[in-house]
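# Generate a structure from the sequence data that follows.
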Amino acid sequence: MAGKERLMSHAEDQPRPVPLAHVTLNDAFWGPVYTRLRTVTLHDVFGKFERDGAFANFARVAEGLRGEHRGFPWFDGLVFETIRAAADFLATSYDAQLDARLDGYIAQIAAAQAADPDGYLNSYVTLMCPETRWGANGGNQLWSHEEYNAGCLIEAAAHHFRATGKTSLLALAVRFANYLCEYIGPLPRHNIVPSHSLPEEALLKLYRLLRDTPELAAQMGVEQPAIYLDLVRFWVEGRGNHAGRVGFTEYAQDHRPVREQDAAVGHAVRATLFYTGLAALANETGAEDYRTVSARLWHDVTARKMYLTGGVGSINQYEGFSFGYYLPSDGYNETCAAVGLAFWAGQMHTAFADATYPDVVERVLYN
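The predicted structure follows:
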């Protein structure tokens, strides 16, 4: 594949994202799309969360109640990811009303987190099955989305701070991230890897933010931001190591050690987000083996398992990858998986500085 043979050897040679505040979309196609997403779609999504009970879940947690969780376990994460999107819009087109709206949501989230002495936040687990936190007592982590929701919070907080300079959401994320680092890791901590990826890249964003702004790290009480990098590395290295825990099999890319993974398998959203985190870790550490695995998996997906439209995950029974070249005309091709592929392509472009990766982003966006 293009770029596979020429791994970037120096971090300073890698492409860097342009800060959102320096980007303007004013062309005839994407300009109106951007405006519609910012002024209509975003507020419609928040309105649905309010009507369907996603924020009511936080209120029940804050009040110490149990039961009656509204929606799916991953609703917390969807709320946080929408806040992330709103923050990005604020970075490009400041809107005082949207800024204030986020302040209100963050206050509700803060009240829910304050109800837990550890800073743990997952409204589904807290309301419905608190005894199964982190898979204890037979808890189903594939369903509960604990690590995914945590990662969405952390990612939203990093984006929110960069857009607004406010630490209200960042303080919640740092508290949760510190708890993750205290609870998960080598013995005597617990061998837990994300059953649904996203927190890998999210923690790297938090790590970079606090590493690059020591005064902010001090304000947040974080003496060593590298603990977040260490946890990401533990998560990646823990794939296929099931000592003391239930394995998530191919479905969640937990079937073998990461260096031995030679094909994209399992749930396509989990997979593309895991591969995004793997490439992001490669970019951060410069580890050639991580880059090599990333290139191998990318080739498997884009040469053997991707539709002409950029869709991935052809099997509807588990929303996932099949064997090579099995691309039926009624393939599942979930939007979330395409978004994950675009995120992965962005990290691969940083690693290899090759235009084939932005080409995939463009293909996904147009389809």
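# switch to C-alpha atoms for all contacts and neighbour counts from now on
OK.
# Show me the helices in the stretch 101-250 of the chain, by range?
With helices called from DSSP state H, counting those that start in this stretch, the stretch 101-250 of the chain shows them at 123-128, 141-144, 146-164, 168-183, 199-212, 214-219, 226-237.
# which outside residues touch the second one?
Contact with helix 141-144 is made by 73-74, 124-125, 134-135, 195-196, 248, as judged by Cα atoms under 8 Å, 6 or more residues apart in numbering.
# Could you export that helix as CSV, CA atoms only?
Output of helix 141-144 as CSV, limited to C-alpha atoms (Å, rounded to 0.1, in the frame of the first residue of the first chain):
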residue,chain,number,x,y,z
GLN,A,141,-19.1,-4.9,29.7
LEU,A,142,-19.8,-5.4,26.0
TRP,A,143,-23.3,-4.0,26.8
SER,A,144,-22.6,-1.5,29.5
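# next one: that helix to chain centre, how far?
Chain-centre distance of helix 141-144: 16 Å, with Cα atoms, centre = their mean, to the nearest Å.
# Can you give me the buried ones in that helix?
141-142, 144 (16 or more other Cα atoms under 10 Å).
# now do the third one
Going by neighbour count (16+ other Cα under 10 Å), the buried part of helix 146-164 is 146-163.
# likewise the fourth one?
By 16+ other Cα under 10 Å, the buried positions in helix 168-183 come out as 169-178, 180-181, 183.
# Residue 182 against residue 189, yeah?
Yes. Using Cα atoms under 8 Å, residue 182 is in contact with residue 189, at 7.2 Å.
# Output the helix or strand hosting residue 348 in PDB with nothing but the alpha carbons.
Taking DSSP states H and E as the criterion, residue 348 maps to helix 335-352. Extracted C-alpha coordinates of helix 335-352, given in PDB (Å, rounded to 0.1, in the frame of the first residue of the first chain):
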ATOM      1  CA  THR A 335     -22.600   5.300   9.700                       C
ATOM      2  CA  CYS A 336     -20.700   5.000  13.000                       C
ATOM      3  CA  ALA A 337     -18.200   2.600  11.300                       C
ATOM      4  CA  ALA A 338     -17.600   5.000   8.400                       C
ATOM      5  CA  VAL A 339     -17.000   7.800  10.900                       C
ATOM      6  CA  GLY A 340     -14.500   5.500  12.700                       C
ATOM      7  CA  LEU A 341     -12.800   4.800   9.400                       C
ATOM      8  CA  ALA A 342     -12.400   8.600   8.800                       C
ATOM      9  CA  PHE A 343     -10.900   9.100  12.300                       C
ATOM     10  CA  TRP A 344      -8.500   6.200  11.600                       C
ATOM     11  CA  ALA A 345      -7.600   7.700   8.300                       C
ATOM     12  CA  GLY A 346      -6.700  11.000  10.000                       C
ATOM     13  CA  GLN A 347      -4.300   9.200  12.400                       C
ATOM     14  CA  MET A 348      -2.800   7.200   9.500                       C
ATOM     15  CA  HIS A 349      -2.200  10.400   7.600                       C
ATOM     16  CA  THR A 350      -0.300  11.800  10.500                       C
ATOM     17  CA  ALA A 351       1.800   8.600  10.700                       C
ATOM     18  CA  PHE A 352       2.600   8.200   7.000                       C
END
